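> below are the sequence and a predicted model; questions follow.
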Protein chains: 2
Amino acid sequence: MDVDRTKIRWNGWGWAAHKDELGAQEAVWTWLAGELGMPALLATPARPLEDLSFPAPALYAEDRQALNAIVGADRVRDDAYERAFHALGRSYYDLLRLRAGELSLAPDAVVYPRGTEEVLAVLALAADHGIAVIPYGGGTSVVGGVTAARGVFHSAITLDLSAMDRVIEVDPVCTTATAEAGIYGPALEKALQAKGFTLGHHPQSFEFSTLGGWIAHRGAGQGSNRYGRAEDWLVGAKLATPRGLLVTGDFPASAAGPQLKDLIPGSEGVFGIITEATVRVRALPAASAYVGYMFRDFESGMTALRMAAQEGVAATMLRLSDMEETRFFRVYGAMAKRRSLARRFAEMYLEMRGFGEKACALIAGFEGKAVAHAAKQFGAIARRHGALPLGRGMGEQWRRTRFQAPYLRDPMLDRGLGVDTLETAANWSKIGTLYAATRAAIEAAILKSVPRNGAKGIVMCHVSHSYADGASLYFTAIFPRVLDGDIAQWKAIKQAASEAVVANGGTISHHHGVGEDHLPWIAQEKGALGIEVLRAIKQTLDPAGVLNPGKLLPR
Amino acid sequence: MDVDRTKIRWNGWGWAAHKDELGAQEAVWTWLAGELGMPALLATPARPLEDLSFPAPALYAEDRQALNAIVGADRVRDDAYERAFHALGRSYYDLLRLRAGELSLAPDAVVYPRGTEEVLAVLALAADHGIAVIPYGGGTSVVGGVTAARGVFHSAITLDLSAMDRVIEVDPVCTTATAEAGIYGPALEKALQAKGFTLGHHPQSFEFSTLGGWIAHRGAGQGSNRYGRAEDWLVGAKLATPRGLLVTGDFPASAAGPQLKDLIPGSEGVFGIITEATVRVRALPAASAYVGYMFRDFESGMTALRMAAQEGVAATMLRLSDMEETRFFRVYGAMAKRRSLARRFAEMYLEMRGFGEKACALIAGFEGKAVAHAAKQFGAIARRHGALPLGRGMGEQWRRTRFQAPYLRDPMLDRGLGVDTLETAANWSKIGTLYAATRAAIEAAILKSVPRNGAKGIVMCHVSHSYADGASLYFTAIFPRVLDGDIAQWKAIKQAASEAVVANGGTISHHHGVGEDHLPWIAQEKGALGIEVLRAIKQTLDPAGVLNPGKLLPR
C-alpha cells in the first residue's frame, strides 16, 4: 500500500525501527521498580506474529470479488500482518491483547480505497450485503475506536484510508487547505509548510495519525490554544455514508440552521467516513518560544492558567504537571542519563531550591508574531502566582521529545508493568474536586488490584489544555501488572476512574474520543434523549448499521 | 405580563414612544425621492388595530382550560393586542402584512410560562392534543421565525418566554453566566455588568431580543469578532421538547462524540424550546475605541479586513461599507441636519478630499486591555491599503446610534417606500463575485418591479463580520413600493437575491436565520441527505411535529 504498514509496529507504538534507548538504562528500571514497590521487574515479552493463529477470513467469496471489483484485488488484503495490524488500536488494553496474540477481532479483510467514489461503492456494497465496515486512518486510537468488531454481521472489513492522501488545494487567500482524509500528519504539514502554512495540529500521535482520524475523534493537538481543536479548524468535509455523500458547506460562518459540519467531529466513523476535509490553516509562525516555569503547587499553577485564558494571553500551549508528574520527570530525567536532559534537570533543581515536594512544572509555548508580548504577559501572571521562570531549556527539550512518550509503553510492558492514560475536562469550579477524586479513584483501584506487599501505582496528571471556562486533565498511571489477570485489572482501574470522572462533572473524554472503552459512560453524559438523537442521525445515514459497530453509541 | 408588550410597537419597530426624528426632516425625504426616481413620496399609513378584525381564537375550550391549569388563566391571553403583537416577526414582509391588517396568522392564544417545568407541561399537552406551538422571545425575527403558522393543526399558541427572565448564576471563576432564555438584552447586560462582566452580544435588535432568541437563530452581535457568535459563547442549555428535557453538558470542551449543544444554535424552536442557557462572559472591557477609516474602494477595504483577520488583530468589530452605503450615509447624514452628525460628516468630507466616488467607510471597534495595540496594528494594515484615518468621531457616532437604524423603516413605509435587508457570508475567494452578483440581482429585481419612468432602488452593502477564511455581506435595499402588489414585489426581490446568493457560494443566512423566508433555499444549502438528518432529529424530539411548524425544515 502507499504507506508501508510493515514499517510500523503492529503490536506496539510507532516505527518498527525505533531504538529503545530506555531499555539500556538499568538504573531507571531499578528505580521504577522501587517506586512501584516491586522487588524486581519481570520479563513479559510479546508473542511474535509468526506464533499466532487467528480465525480464517470470514468474508464470503462473492463479497471478496465485489470488493476486488471496486478497488482492485491488490487493494483487498487478508494476510496475517495486515489483519493483525488492523485488529485493534493502540491503547494499553489493545496492547495487552495484541501482545498476548489475542486476535479474534482481526478484520476479515483490509480494503485500501483510492478515492471518495470507491469508499461510497464499498459502503453501498457493505450495507447491501451486511458487512461491518471499520474506518481506519492511522489506527492510533486509545479508546477502542478502530477495533474490528463485526457486531451482528457475518464479516467485517477495515477500510484503511491511507492511500487517500492527496492535498487537493492550499488556498492562500482563504487560508484554508483541502486534503483527502487519509493523509498522515507529517505529509500534510510538509505540503502546507512548503506553501508557508501550518495546521498546527500536533497530538502526541502526530506522526502516525491522519487528518480524518483527528476529525473523527474530535481531537485537540498540543498547541490547540492557538490552532484550535478539530472542531475549530474544520471548515467543511465530505462524509461518505451508505446513503450517499454528505457534503457540508464551506462558509466562514452561517445562521442557516444547525450546521451539519458540527456533526462530523466526534462521529467516529459511526455516521460515515470522512473522505475529504477543508481546514483552516495559518501562516507559519515567524517565531516561537517554549519556556519552563516552576510553581509552588498545583493550585497556584491552575490559577495562573485560568488567569491567562481569561485575560486572553495568546499562548500556543500551557501544560502544567501536578506534583507527582513533576517529581517523576525530574527524577526520571536525571536517572535516564540522557546528558542534556540530566544536565537541564540538575540546573533546574538548583534553581528550584526553595520549591518543595509540591512544586509543579509548567511548559508554556508561544508562536507567531507576538511571541515576546504573549510570553511577557504570561510571565507576569506566573510570577504573580509565585512561579519561578526556568528559561527555554526545559521548554525546548519538551518540544524536541513531544512525540516520544508513547514509545515508553512497550519497554514497560516488556517488564511486567502496566501503563495507561486517560483524560477529561471540566469547568474551573469543578476541576479541583474532579482532579482529587479521579486521582484517588485510580490509586485505590491500582492498590486493590495488586498483592498487598507494598506494591502500588504511580498516578500523575497534567493540565494539557485550558480555556476561559475550564481545563482538561490528563492522567498517566504506571502500575505492576497482574499477570494472570491484566485485562481484568485494567478494566477495574478504567471503571473506577471513569466513574469518578462522570460523578464529578468531567466529560468522559476531552480529546481521545469514546470508541468502545468509554461506551459505558456515554449515556450518562449525553442523557437518554441525547443518545436517541445521535441514534436517529446514525439510522438516517447508516440504516443497516454497518458502520463501525459497537463504537460511540451504546446498544 | 412581566415585560409590558403594549410599550412596544405591534406593527413596527421598537418603543411605541420612540420619537420619529426623521419624519420632520423634509429635505431628507425630498432627496430620497429624487434618489429613487420618484416624483414625490406617498402617504401610506398603517391601519390602526381598532379597525381590524381577525379570526376568532380557534383553541378548544378544553385546551384553553388545560393551559390555564398549567400556567394560570392570567397567563393565557387572547386579546386583540396580544394576538396581533405575536402574529408575525418584524421583517419588511411582516410589516407589510401587519400594517395592512393582514392578521389571519394571529395565534389563538399567547401563553406566558414562568419556568422550564411549565414549558414542558405545555409541550406535552400540545403534542398530545395537536396544538402548534410557536416559541417566542423578543419577536424581532426578520426571516419569519415566529410567524404563528399552525401547519396541519387546528390551533396554534405562541409561547412567549419573556416572563422567564431570571439570571440564575454569574460564576466569576468560570466566567460563565446562567440565565433563563426569555431575558432581554439590556436586562441581561445590566445583571452581568453589575458583577463586572459582559456577554458583549449586541445585534441591532439588542434592546428587543432575548438570550434564547439569539441562540435559537444562531445570531452574531456587532462585536462578534471579540465576543463570538451565539454558537461560540454558548456553553450549554436546557432544551424543553415534547419528549422531555434535553440538558447538554457544561464542559469547556469535549471529545465525547458530537456535542448536542451544537444542535441548539440555529434550531429555531423546531427541535425544542431553549429555557435556560449557560454562556461565556468576559470581564467588562477596561477601555474601548471606535474609529473611522476611509478606503479608496471596496476591494482595498476588503483586503485590509482579510489581513486583519488572518494576522489575528484583536478587533471587536470591523464594518466596511461599500461605495453606495458610504455615499448614502454621507449625504443622509448631512441632510438629516442632526448637528453633530452633520458636522462630523462635513469634517469627514474635508478629510476625504482625494477620495472619489468609490470611497468606502470603515468603522473599527476595539475593546479590552489591548485596545491601543490592536488599534495600532489595524491602523498599520489600513494605511498599507491606502486608507485615511478619520478618528474617533465617526466611530463613536456609529456606536451611539448602533441600535437606531431599524426605526427608519416605519417612516419609510409610511411614505410609499420599501426597505429590506438580507445578509450572507462566503469565503474570501468567492466574496467578490457573491457581492457583485447579489447586488446586481437585487437592483435588477427592483427595476423590474417598478414602473419604467426612471424609478429605481438604492442597494447598499457592508461587510458586517469578518473571519480568517471569509466574511459576511449585509445588503440594504430601499425602493419605491408597488402599492397594489407590494408583497409580490418583495417576494420577487427576495427570490432574485436568494438565488444569486446560493448560486455564488454564499450561505442563505449569516446571522438572521432561516425561518419561513429562507426555506426555499435551505435544501440546496444542506443537501437532501442533510435535510433528512435534521428531520430525523426533529422527529426524535418532536414526533407530533407541533413545534414551530413551517420553519427551518422544508416539507
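All right, it came through fine. Because the structure is predicted, anything quoted here is derived from the model rather than measured.
> beta partners of the residue of the stretch 451-555 of chain A found nearest chain B?
Nearest to chain B in the stretch 451-555 of chain A, going by Cβ to the nearest Cβ, is residue A:470, at a distance of 3.3 Å. Any C-beta I mention is one placed from the backbone N, CA and C, and that applies to glycine too. Assessed by DSSP bridges, residue A:470 has beta-bridge partners residue A:427.
> can you show me the helices along the stretch 251-400 of chain A?
A:298-310, A:323-335, A:339-351, A:371-384, A:392-400 (DSSP state H, counting those that start in this stretch).
> for the stretch 101-250 of chain A, which residues are neighbours of chain B?
For the stretch 101-250 of chain A, the residues found near chain B under the criterion Cβ under 8 Å from any Cβ of the partner chain are A:171, A:173-176, A:217-220, A:229, A:231, A:235, A:241, A:243-250.
> of those, just the buried ones, ChimeraX syntax please.
Buried residues within these, by 16 or more other Cβ atoms under 10 Å in any protein chain shown, are selected in ChimeraX with:
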select /A:171,174,175,176,217,218,219,220,229,231,235,241,243,244,245,246,247,248,249,250
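> the residues of the stretch 101-250 of chain A next to chain B in strands, which ones?
Among these, the ones falling in strands (DSSP state E) are A:171, A:176, A:235, A:241, A:244, A:245, A:246, A:247.
> for stretch A:67-82, buried residues please.
A:67, A:70, A:71, A:75, A:76, A:77, A:78, A:82.
> doesn't residue A:161 make contact with the fourth one?
No. Under the criterion of Cβ atoms under 8 Å, residue A:75 makes no contact with residue A:161, lying 11.8 Å away.
> overlap of the contact sets of those two?
Between them, residue A:75 and residue A:161 share these contacting residues under Cβ atoms under 8 Å, 6 or more residues apart in numbering or on different chains: residue A:113.
> buried sites along stretch A:87-96?
A:87, A:88, A:89, A:90, A:91, A:92, A:93, A:94, A:95, A:96.
> just the pLDDT for residue A:347.
Looking at residue A:347, its pLDDT stands at 52.
> same deal with residue A:341?
pLDDT for residue A:341: 57.
> quick one: which of the buried residues of stretch A:67-82 is nearest chain B?
Of all these, chain B sits closest to residue A:70, with 21.3 Å by Cβ to the nearest Cβ.
> and for the closest one, nearest residue in space, chain neighbours not counted?
residue A:121 (4.6 Å; Cβ to Cβ, 6 or more residues apart in numbering or on different chains).
> which secondary structure state does that neighbour sit in?
Of the three states, residue A:121 takes helix under DSSP: H, G, I helix; E, B strand; the rest coil.
> what's the closest residue to chain B within the stretch 101-250 of chain A in contact with, if anything?
Closest contact between the stretch 101-250 of chain A and chain B, by Cβ to the nearest Cβ, is at residue A:218 (4.0 Å). Contact partners of residue A:218, counting by Cβ under 8 Å, 6+ apart, are A:229, A:230, A:231, A:265, A:266, A:511, A:513, B:254, B:255, B:257, B:258.
> and which of those residues is nearest residue A:293?
residue A:511 (23.3 Å; Cβ to Cβ).
> my guess is the closest one meets residue A:204, correct?
No. The pair residue A:511 / residue A:204 is not scored as a contact, 9.9 Å apart, by Cβ under 8 Å.
> more neighbours: which of those two?
Higher neighbour count among residue A:511 and residue A:204: residue A:511, with 27 against 21, using other Cβ atoms under 10 Å in any protein chain shown.
> that's a strand at that one, yeah?
No. Using three-state DSSP, the assignment for residue A:511 is coil, not a strand.
> ignoring the adjacent residues along the chain, who's closest to it?
residue A:220 (4.1 Å).
> helix, strand, or coil at residue A:411?
Three-state call for residue A:411 (three-state DSSP): helix.
> before we move on, what about residue A:422?
Going by three-state DSSP: residue A:422 is strand.
> so which other helices or strands are in contact with the host helix or strand of residue A:83?
Element membership for residue A:83, per DSSP states H and E: helix A:80-85. In terms of contacts (3 or more Cβ pairs under 8 Å, 6 or more residues apart in numbering or on different chains; DSSP states H and E), helix A:80-85 is packed against strand A:109-111.
> pLDDT below threshold where in chain A?
Across chain A, the ranges flagged by pLDDT under 70 are A:1-2, A:23-24, A:336-353.
> I'm done for today, thanks for sticking with me.
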